[in-house]
Every structure is written in C-alpha cells, then in structure tokens.
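# structure of the sequence below:
(one chain, ligands or ions: 3)
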Amino acid sequence: MKQVYLDTFGCQMNVADTDRMELLLFHSGYFRTHEPENADLIIVNTCSIREKAENKIYSLFGHFRPLKAKNPGLVLGMAGCLAQQEGENILKKAPFIDFIMGPDCVEQISDVVQHAQTSRKPRVWTEFDRAKEYSIPDLAHPLDRPADPSSFINIIKGCDKFCSFCVVPFTRGREKSREAAEIVAEAEQLVRRGAKEIILLGQNVNAYGKRGLIEPTEFHELLYRVAEVPGLQRLRFTTSHPKDFTPELVQAYQDLDVLVNHLHLPVQSGNDRILEEMRRGHTVAEYRALIDLVRNKVPDMSFSTDVIIGYPSETEREFEDTLDLMEWVGYSSSFMFQYSPRPNTPAAEIPDTVSELEKRERLQRTIELQNRLTLEQGQRFIGTEVEALVEGPASRGKGLMRGRSPHYWSVFFPDPLKQVQPGERVSVLVEDVRGHSLSGVANLPAVVG
Ligand code: SAH
Ligand code: SF4
Ligand code: F3S
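Ligands and ions are numbered 1, 2, ... in the order given. The predicted model follows:
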C-alpha cells in the first residue's frame, strides 16, 4: 500500500474533513503515515481565518518541496479554506504543488489524487458541490480502529451569515444541512465503535434544518433524536450562533440528561455599534437576555465565547464594553483574536484606525481578564467531585491521565496502577486549578496488598 501524510490547520471542520480524506484514501490504497519523508502523497488541509495561519502554511510547503527532488513520484496537495480562497494564485507562489482543492471537494479526493498522478500538471478543484442535500455516503468498512471517546459529527456545512470580517461563507459556501437519519446512523456507528461523547459540528449548528432537508428537522429535534442513541453518555454541539438560539433549544438542556451544561456562544464584541458593523444580527441586550434565560432554566450552565479585538474603528470605550460583557457573563474560557483583515470581506474595506500596538495591548488586557475569570470559575470546583470522561494518558507527567469534565475543563489525575482506560468515566475530587485545567484524585477501586 502507498502512504499518505496529512496535516491539518484550522477548526474542527477541517479535522473532520481530514479524517474523511483519510478514510476515502484508505479505500483507494493509502495508509496514513506520520513521517512526511515516507509519503507518496502529502496533503495539507489549510485554514485562512486569520493571516497568521496562511504564512505558516506557505512555509510548511517550503519544507516539503525538497522531498520531491528525492521522490519524483511524490504528489503534493493543498486542501481546505486557503486553497478555496486563493485557487490559482497559489501556483504563482508555489508552482510545485500538484493540486489545490477546496473543502467542498473532499468527497472527490480519490479522483483528485488519481488525476494528479496521471497528468502531472497542477489542477485547481474549487467548484462548490451544488447538490441540494448534504449526503456523506457511508463506507461499508470504516477504519479498523476504535472511535475516539469524544467524536465529532458534521451536521451542517457552509455558512450564510456573512459576518463582515469572516471568510467562511466564501471558503465553505452556502449552508447545507445533512439528513437527520444519516446523522443518527453515524452517531450509532460511532457509539458502537467506542465513542461515549458526540459533538455535533458546524460553523453555525443552530441554523441546522432551515431548508433543503428531505425530512424537515429543526436543530433541537435533532438533539432529541441523537440523545436516544443507546450507549451515548454525553452530547455537545459547536458552534451555535446567538441569533439562531431558540427557546426550544434551551428547553432541550432541561430535558436531555446527556446534553452537558457547557455552551460555546461566540459574541465577538460587547458593543452595539461594533456588533452592527460586524453584521452579527443581535444587540448586547439580546445576548444578555439569552444568557439570563439559559441561566434561569439551567443554573449549572457554563459559557465560553470568541471575541475579536481591534475591529476597524473600535474605540477604547467600545473595546471596554467587550471586557464588561465578559466580566458580566463570567466565561470559563474564551478564544480571543486580534482582528485580521481578510480578502473579499467588507470589513477589510474599512479604514483600520486601531494601531497594531493598540490591538496588541487590548488583546493582552483581554487575556488577563479571561485568565482571572477562568481561575474564578475553576476555583468553584475545588473540593467537589467532577466526572471526567477519560481521553488517555497526559502528555506531561508519567502515570497522569487526562479527561474532560461535562463543563469542558481538562481534568488530570494520577493512575499509577493503570486501572483506567480511555472512554471510562471516573469521578475526580478536584484539588487544584491551573489555566483551564483541573487536577485531583480519582475515585478508583482500592487495590489491596
Ligand atoms: N461560526 C462561528 C465562528 C467561526 S470562526 C461564529 O460565528 O461564532 C472562529 C472565530 O474566529 C470567530 O468566532 C471569530 O472570533 C474569529 N475570526 C473570524 N474571522 C476573523 C478575523 N478576520 N479576524 C480575527 N478573528 C476572526
Ligand atoms: Fe463566519 Fe459569521 Fe458564519 Fe461564524 S456566523 S462562520 S463568524 S460568517
Ligand atoms: Fe479555518 Fe476554514 Fe475552519 S477558514 S476556521 S478551516 S472553516
């Protein structure tokens, strides 16, 4: 068999796409290797959400280039959002790349590779899949290895929101939901293969089912269906949009035990003018009202968010509104990004009045605030027992195991006698909090003698 080396940048959508390519390529005779030097095929699945990611990717291809001199049969491919965004332009910077393929062509990966091998002339594959329904044909033989204890399922692709700063609607195309029956079947298959937790995935999961489904299903209805999969212990979703958050979805948290009490609800800014500029479609008051509603119904809920710092024309006072909102919500964690202008987006046209220095200084203050909020949230767990779904050994420290709590904190505990396996749930008495991690002692069966 031949060997493929796959590298992934960007969000969980890209991770899922890479997994899918691995599976499809396996059925075309490729084993995955973790050594690019051994590979017959190298694919880098790229991200273009911020500029930093792009630069990293070009330098990575620079590293791979000499491998072609050693192995003239080597095929080099760029997949993902940067590939979709830049298309032909990439060949000007890196003419040694054999194919450029957007996220919507993942299902065609075997044809793309075959074409690259036979023609030896670079080709760009960036057509959007215009089929109405989003159907992933299930392969009869999934990869012969257990599923991750916590596994992702893509339920919707693309995004129709067109926030002013964001490339996703251009790189991933229009929203397309996947049939609920297919999603449930995939969840059943993953649980049979050992998954305990399912994370439903999309750029905008609660826009699920708005149109185009053969069997119309709303997002909360999908949750009720997946929750019934026998053996499923935990259910999550990411990312949901405040604008599409319905009361029925709040109700689902009350009704479904497996739906854990953590909600990632990106707000981007705590200021109304900036939110409007961003085209987020809601105000700060509406966002606060939603958080209040969720908290009233589900008091144990923890929240995380994404914020953008230094959006063009953001004033100091407007920036401080973001800090105020973060403090008010008390997020357990945040992804905090310095604004980065992106090609084709309306925000890139607005004069950028916030200097690089100011952006960095604001970002630093935001990070400091979040560190304090994370610590405050984490300290509430000290002296209590949290349930950890075990993922595997920790990379730091021998004999230390790593898991996740329902609120999505990393949980570390010693297991010197190796009593615990990935996928098991153990109760951990929390003694310490560091960053977004809890550590403590697991309640393991006592070993006599
Ligand atoms: N669909 C999700 C987010 C997807 S992108 C949502 O709407 O919430 C992940 C995060 O990257 C965004 O939430 C935003 O905070 C950040 N991001 C996107 N474009 C950006 C840009 N041009 N500059 C800086 N951060 C950006
Ligand atoms: Fe981008 Fe907005 Fe869509 Fe999120 S909702 S992917 S930020 S356009
Ligand atoms: Fe990046 Fe594309 Fe995801 S731009 S964040 S890989 S949708």
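
# what mean pLDDT does the host helix or strand of residue 188 have?
Assigned by DSSP states H and E, residue 188 belongs to helix 180-192. Averaged across helix 180-192, pLDDT comes to 94.

# remind me what the helix or strand just after that helix packs against, helices and strands.
Scanning forward in sequence from helix 180-192 by DSSP H and E, the next helix or strand is strand 197-201. Here strand 197-201 touches helix 12-26, strand 150-154, helix 180-192, helix 219-227, strand 234-238, going by 3 or more C-beta pairs under 8 Å, 6 or more residues apart in numbering; DSSP states H and E. C-betas here are computed from N, CA, C, even on glycine.

# ok so, going back, what residues of the helix holding residue 188 count as buried?
180, 182-184, 186-191 (16 or more other C-beta atoms under 10 Å).

# ligand 1: which of the residues you listed is nearest?
Checking these against ligand 1 with C-beta to the nearest ligand atom, the nearest one is residue 183 at 18.9 Å.

# per-residue confidence at the spatially closest residue to the closest one that is not a sequence neighbour?
Among residues not flanking residue 183 along the chain, residue 155 sits closest, at 5.5 Å (C-beta to C-beta, 6 or more residues apart in numbering). On the pLDDT scale, residue 155 is placed at 95.

# re earlier: mind putting the buried residues of helix 180-192 in JSON lines, distance to residue 199 included?
Formatted as JSON lines, the buried residues of helix 180-192 follow (distance: C-beta to C-beta, whole Å):
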{"residue": "180", "distance to residue 199": "17"}
{"residue": "182", "distance to residue 199": "17"}
{"residue": "183", "distance to residue 199": "12"}
{"residue": "184", "distance to residue 199": "15"}
{"residue": "186", "distance to residue 199": "12"}
{"residue": "187", "distance to residue 199": "11"}
{"residue": "188", "distance to residue 199": "16"}
{"residue": "189", "distance to residue 199": "15"}
{"residue": "190", "distance to residue 199": "11"}
{"residue": "191", "distance to residue 199": "13"}
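
# and ligand 1, which of these contact it?
Checked against ligand 1 using C-beta under 6 Å from any ligand atom, those give no members in range.

# nearest to ligand 3, of the residues you listed?
Nearest to ligand 3 among the buried residues of helix 180-192 is residue 183, at 19.3 Å by C-beta to the nearest ligand atom.

# isn't the closest one up against residue 153?
Yes - under the criterion of C-beta atoms under 8 Å, residue 183 makes contact with residue 153 at 5.9 Å.

# tell me, how many residues neighbour the residue in the chain that ligand 3 sits nearest to?
With C-beta to the nearest ligand atom, the shortest gap between the chain and ligand 3 falls at residue 10, namely 2.8 Å. When neighbours are defined as other C-beta atoms under 10 Å, residue 10 has 22 of them.

# check contacts around it.
Taking C-beta atoms under 8 Å, 6 or more residues apart in numbering, we find residue 10 in contact with 45-47, 49, 53, 80-81.

# what about it, distance to residue 197?
From residue 10 over to residue 197 the distance is 22 Å, taken as C-beta to C-beta, to the nearest Å.

# that's a strand at residue 413, yeah?
Yes - read with DSSP: H, G, I helix; E, B strand; the rest coil, residue 413 is one of the residues of a strand.

# who's the nearest residue to it once chain neighbours are set aside bridged to?
Closest residue to residue 413 in three dimensions, ignoring its sequence neighbours and counting by C-beta to C-beta, 6+ apart: residue 442, at 4.1 Å. Taking DSSP bridges as the rule, residue 442 bridges to residue 428.

# relative to residue 389, how far out is residue 442?
Between residue 442 and residue 389 the distance is 12 Å, computed by C-beta to C-beta.

# cool, and residue 183?
Distance from residue 183 to residue 389, by C-beta to C-beta: 21 Å.

# cool, and residue 228?
Distance, residue 228 to residue 389, using C-beta to C-beta: 19 Å.

# ok, residue 145 next?
From residue 145 to residue 389 the distance is 19 Å (C-beta to C-beta).

# what about these two, which has more around it?
Ranked by neighbour count (other C-beta under 10 Å), residue 145 and residue 389 place residue 389 first, with 21 against 8.

# in its sheet, what does the strand or helix carrying the more buried one sit against?
Using DSSP H and E, residue 389 maps to strand 385-393. Using DSSP bridges, strand 385-393 pairs in its sheet with strand 400-404 (antiparallel), strand 425-434 (antiparallel).

# adding distance to residue 372, write those strands out as TSV.
TSV is the format used below for the strands paired with strand 385-393 (distance: least, C-beta to C-beta, whole Å):
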stretch	distance to residue 372
strand 400-404	23
strand 425-434	12
